[in-house]
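Visitor: coords please:
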Amino acid sequence: MRDIAIVSVARLPHVRCEPLLMDAEMMTGVLTECLEKANLQRQEVDFWCSGSTDYLSGLPFSFVHVLDAIGPWPPVYETHVEMDGAWALYEAWLKMQYEDLETAVIYCWGKESTPDDVRTVPTLQLDPYHVAPLGPDTVSIAALQARALLDSGRYTESDFAEVVVRARQHAASNEYAQLREPVTAEAVLNDKPIVDPLTRSMCCPVGDGCTAVLLASADAARDLCDKPVWIRGIEHRVEPHHLGLRDLTDSPSTRAAATAAHVHDGPIDFAEIYAPFAHQELILRDALGLPEDATINPSGGALCGHTLMVSGLERIGEAALRLQRGDGQRAVAHATSGPALQQNLVCVLEAE
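Guide: Predicted coordinates for the structure are as follows:
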């Protein structure tokens, strides 16, 4: 297997909405920043891979419009996945294993301000025969999962609140987060309920954003930056999309992906976990088998800044940036997609 490294990362701060900013306009500056960090020109990039969803934009093949941000003339080697950008990174990493590519840019964007009700957009992927006709939204499905976790006796609502408190504390120094003000566990529990047992603070905020990551082979990585961050393992697994076919209080796909990505082959300094709801961080932490002394979501995580199609790749980017800054030697990044943690990707990163 070829050694592949993350060379640079760029992203926009999460914002509630940017109604006058088009998708390509959001991406242009971020892509420029990502390449400038590595002193690389657009025409020198061997491969481009993007992640997004047409359902947020309301346009078929909406990713074609964003190609304006990379300047697709002369023609570029490019592809797209209808998934979070973390899966675009997986595709680029896999492509670099089998083809003679030295560099790849992965980029993703999302505008949760575009749909009238963003909570109903992801539910279009539910089982069309038994679940979708019931009309649940994303928060209702998460609340169903949270209630099952409470009924299992493993965690309490106070445990959910502690996740939120810690996330806000970590996000206080993160300029890219939406929510940075500190909060107490009592305030979280007494916050406005969305769907029982989830309060507003236990749910991720709605926002617009985008992220870009530059990958490079071992031959190119050290020429492009002083501190490349190496991808030592990456894998993803999927579970049935029918909610009644799985135990919502567990995440076997995360556990399997973590094993395949060699999470437990060395110490873990911190983990960036994509948990849009507070209780999901507890499920994922157990499934990943993280050590007690590992810091969870030092950036604040998705509870403090969230954008559909972006937050998974952002977890990988955040972990890479922290390793470049010297905040640790080995880290885990996680991404999820689908209802109630249906699909999960695990990436192990190591500093130079």
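
Visitor: tell me which element the one residue sitting closest to the centre of the chain is part of?
Guide: Centroid-nearest residue in the chain: Gly312, 1.0 Å away (criterion: Cα atoms, centre = their mean). Assigned by DSSP states H and E, Gly312 belongs to helix 311-324.

Visitor: now swap in Glu281 and tell me
Guide: Here Glu281 sits within helix 278-288, counting by DSSP H and E.

Visitor: Does that helix pack against any helices or strands, and if so which?
Guide: Contact here means 3 or more Cβ pairs under 8 Å, 6 or more residues apart in numbering; DSSP states H and E; on that basis helix 278-288 packs against helix 138-152, helix 157-171, helix 252-260, strand 330-337, strand 343-351. No exception for glycine: its C-beta is placed from N, CA and C like everyone else's.

Visitor: Using CSV, write down the CA coordinates of that helix.
Guide: What follows is helix 278-288, C-alpha atoms only, in CSV (Å, rounded to 0.1, in the frame of the first residue of the first chain):
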residue,chain,number,x,y,z
ALA,A,278,-25.2,14.1,22.1
HIS,A,279,-26.2,10.5,22.8
GLN,A,280,-24.6,9.3,19.5
GLU,A,281,-21.1,10.3,20.8
LEU,A,282,-21.6,7.9,23.7
ILE,A,283,-22.6,5.1,21.3
LEU,A,284,-19.6,5.8,19.0
ARG,A,285,-17.1,6.1,21.8
ASP,A,286,-18.1,2.6,23.0
ALA,A,287,-18.0,1.2,19.5
LEU,A,288,-14.5,2.7,18.8
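
Visitor: Could you check how far that helix is from the centre of its chain?
Guide: On the basis of Cα atoms, centre = their mean, to the nearest Å, helix 278-288 sits 15 Å off its chain's mean C-alpha point.

Visitor: and the angle from it to helix 138-152?
Guide: Inter-element angle recorded for helix 278-288 and helix 138-152: 60 degrees (by axes from the mean of the first three to the mean of the last three Cα atoms, to 10 degrees).

Visitor: Met22 - how many residues pack around it?
Guide: 15 (other Cβ atoms under 10 Å).

Visitor: so what's it up against?
Guide: Met22 makes contacts with His65, as judged by Cβ atoms under 8 Å, 6 or more residues apart in numbering.

Visitor: What of Ile106?
Guide: So Ile106 contacts Cys49, Ser50, Gly51, Gly85, Ala88, Leu89, Ala92, Ala212, Val213, Leu214, Leu215, Leu313 (Cβ under 8 Å, 6+ apart).

Visitor: And the fourth one, its phi and psi?
Guide: Main-chain torsions, Gly85, degrees, to the nearest 10: phi -60, psi -20.

Visitor: and the next helix or strand after the helix holding Glu281, which strands flank it?
Guide: Per DSSP H and E, the first helix or strand lying C-terminal to helix 278-288 is strand 295-296. Strands that pair with strand 295-296, judged by DSSP bridges, come out as strand 270-272 (parallel).

Visitor: So what's the gap between the partner strand and the chain middle?
Guide: Strand 270-272 has its C-alpha centroid displaced from the chain centroid by 12 Å (Cα atoms, centre = their mean).
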